[in-house]
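1. only geometry, no sequence info:
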Ligand code: 13P
């Protein structure tokens, strides 16, 4: 069976991705989403410009000291750098493992609440994953999204459907040798408190691992990418960073099997500085399980970098990227000193955010 053929390799790839002091750079924005980012610096959303921007990320010398893997959008996986070399080659030269977003986006969940979605892309996934593997990808990502609203959302239907989709995806890409990053994101939208998030998140992640069990997912060859356990963006009572760290780790301890090698958090709209501070505090806590607690940030690694680039300043952009990558590398060992690297405090949360 294909999964058995890849078992050792999956385990090795997952542990390389979850190496202490390293994290993942998420650069898998859809063409529409990267368009919004580029518009914020008045750069047109052309293939040329996307290539120039992502190409500078993948040639930042030393990035591999802090970053173990990069998640790409399909266009980038098959794209060449402006200098003609494949993007995948650029990453390999830095010692960074290429990965690929394989989901085909969110769709309305019929039978659920208006806010609820399921994640599409299971058709032909084993075949697509085989092509991605041939092109150099060694891991994959699938993002399912849940939102909290009063006692209505997420419904049991949405929890079951999204957990099932994640597990089917995980099993499918493992058949083709890709390590699945399992991402059940709880959005920050809403006015609920942190305890509500914790309760829902625990239920969601447990459901995900039950579905993984049924699908025969090889846990040692997976990573979990959750959101941090924070209150809704409109909640007046803000938990302090220490509390966020404690409740997030408690939620993980209750729901994530010890066989999973790494938990790589998404930044989900936290500011660059907050994403580093929370991660750092989590890594100062004593933990019951041995998983590496790291990061797989998109906005919290790229925000200052994109601004510094401003369409042409490659040197400033690479410097800003390396600064955040180093900060988060330190945070994933509990060694980050807040403010020791240039960063932005700007909240990156956008209500109803779409990738
Ligand atoms: P953010 O860190 O910007 O949330 O992006 C990470 C990601 O890949 C979400 O799917």
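-> In hand now; what should we look at? As the structure is a computational prediction, the values presented were derived from the model and not from experiment.
2. Enumerate the beta-bridge partners assigned to residue 108.
-> residue 117 (DSSP bridges).
3. what number of residues lie near it?
-> The number of residues packed near residue 108 is 12, by other Cβ atoms under 10 Å. Using the backbone N, CA and C atoms, a C-beta is placed for each residue, glycine as well.
4. How about the contacts made by it?
-> The contact partners of residue 108, taken as Cβ atoms under 8 Å, 6 or more residues apart in numbering, are 114, 116, 117.
5. now with 10 Å?
-> 114, 115, 116, 117, 118 (Cβ atoms under 10 Å, 6 or more residues apart in numbering).
6. now residue 314
-> By Cβ under 10 Å, 6+ apart, residue 314 lies in contact with 52, 53, 55, 56, 59, 60, 308.
7. Which members of the contacts of residue 108 are the farthest-apart pair?
-> Spatially, the most separated pair among the contacts of residue 108 is 114 and 118, at 13.6 Å (Cβ to Cβ).
8. Just the pLDDT at the residue of the chain found nearest the ligand, thanks.
-> Nearest residue of the chain to the ligand: residue 298, at 2.8 Å (Cβ to the nearest ligand atom). Looking at residue 298, its pLDDT reads 97.
9. gap between it and residue 33?
-> Distance, residue 298 to residue 33, by Cβ to Cβ, to the nearest Å: 9 Å.
10. quick one, helices of this protein?
-> 2-17, 31-39, 47-57, 74-77, 87-94, 125-134, 156-175, 194-215, 241-255, 272-282, 299-309, 314-331 (DSSP state H).
11. Redo those helices as a markdown table? Include distance to residue 66.
-> Shown next, in a markdown table, are these (distance: least, Cβ to Cβ, whole Å):
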| stretch | distance to residue 66 |
| --- | --- |
| helix 2-17 | 13 |
| helix 31-39 | 22 |
| helix 47-57 | 13 |
| helix 74-77 | 20 |
| helix 87-94 | 10 |
| helix 125-134 | 24 |
| helix 156-175 | 25 |
| helix 194-215 | 27 |
| helix 241-255 | 21 |
| helix 272-282 | 12 |
| helix 299-309 | 10 |
| helix 314-331 | 4 |
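12. For residue 114 and residue 118, indicate the residue with more neighbours.
-> Between residue 114 and residue 118, counted using other Cβ under 10 Å, residue 118 has the larger neighbour count: 19 against 10.
13. what pLDDT does that one get?
-> Residue 118 carries a pLDDT value of 98.
14. First-to-last residue distance for stretch 69-88?
-> End-to-end span of stretch 69-88 (Cα to Cα, to the nearest Å): 11 Å.
15. Residue 48 contacts residue 80, correct?
-> No - using Cβ atoms under 10 Å, residue 48 is not in contact with residue 80; the gap is 11.8 Å.
16. Between the two, which is the more surrounded one?
-> The neighbour count for residue 48 versus residue 80, taken as other Cβ under 10 Å, is higher for residue 80 (14 against 9).
17. And that one, how far from residue 86?
-> 6 Å.
18. Poorly predicted segments of this structure, please.
-> 1, 353-355 (pLDDT under 70).
19. Show me what from it comes close to the ligand.
-> 26, 28, 143, 183, 266, 267, 268, 297, 298, 299, 300 (Cβ under 6 Å from any ligand atom).
20. Please give me every residue in contact with residue 281.
-> 240-246, 248-249, 331, 334, 336, 338.
21. just the buried members of these?
-> Buried by 16 or more other Cβ atoms under 10 Å: 241, 244, 245, 246, 248, 249, 331, 336, out of the contacts of residue 281.
22. Please name the residues that touch residue 282.
-> Residue 282 makes contacts with 228, 241, 244-246, 248-249, 252, 263, 265, 293-294, 331-332, 334, as judged by Cβ under 10 Å, 6+ apart.
23. Neighbour count: residue 298 and residue 33, which is higher?
-> Shown here are residue 298 and residue 33; by other Cβ under 10 Å, residue 298 has more neighbours (21 against 16).
24. Identify the residue spatially nearest to that one, adjacent ones excluded.
-> residue 26 (3.7 Å; Cβ to Cβ, 6 or more residues apart in numbering).
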